[in-house]
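Enquirer: Next comes the sequence, and after it the predicted model I'd like to discuss.
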Amino acid sequence: MANNANRIGELKTLQDAATGAANGTALDMTDAVGALFEVSGTSTGLTVNWEGSVDGTTWRTLAVADLGSTTRARATTHTATGLYLLESAPGLASVRARVTASNPTGSMTVKACAVKVL
């Protein structure tokens with residue numbers, strides 16, 4: 001069996017039980033070609049906004065694929081728990097899962113790991 005540590009970086013928490021709007025922690029994308037995200041928790045009114053940066057200061061919107069969709073539908077925001085994939089993103093310095101809120105209840109956690117080439 002292949003060693004996944006050679007292809008997938010360390011799992012990092014970007015949002016830890018967020019209950020309102022928050023920028024969260026950025027994921028370092030050095031030598032990465034993509035990223036895998038896991039959204040969990042029970043919440044309403046919380047939205048993940050996928051963003052990337054080439055300098056760590058200016059953030060731009062990213063389209064991320066929903067791995068729970070048979071079509072791998074891409075969107076720049078998600079509200080549901082699940083697994084999401086940022087495909088082909090070489091050159092980014094970092095990515096983040098910024099949370100916005102509108103009358104939120106519950107909490108949302110987002111974890112991620114960088115996908116690297118062997």
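Expert: That came in fine, so what should we check first?
Enquirer: helices and strands around the longest strand belonging to the chain, which ones?
Expert: Secondary structure of the chain per DSSP state E: the longest strand is strand 94-106. In terms of contacts (3 or more Cβ pairs under 8 Å, 6 or more residues apart in numbering; DSSP states H and E), strand 94-106 is packed against strand 12-18, strand 27-28, strand 32-40, strand 43-53, strand 108-116. Quick note: C-beta positions are derived from backbone N, CA and C, even for glycine.
Enquirer: Report the rounded mean pLDDT for it.
Expert: Here strand 94-106 scores 96 as its mean pLDDT.
Enquirer: Can you point out the buried residues in it?
Expert: Buried positions in strand 94-106, judged by neighbour count with 16 or more other Cβ atoms under 10 Å: 94-99, 101, 104.
Enquirer: just stretch 49-60 next, same as before
Expert: Residues 49-53, 59 are the ones in stretch 49-60 that count as buried (16+ other Cβ under 10 Å).
Enquirer: remind me which residues of this structure are low pLDDT?
Expert: Low-confidence segments of the chain (pLDDT under 70): 1-7, 118.
Enquirer: just the angle between the longest strand of the chain and strand 43-53, please?
Expert: Put simply, strand 94-106 runs at 170 degrees to strand 43-53, going by axes from the mean of the first three to the mean of the last three Cα atoms, to 10 degrees.
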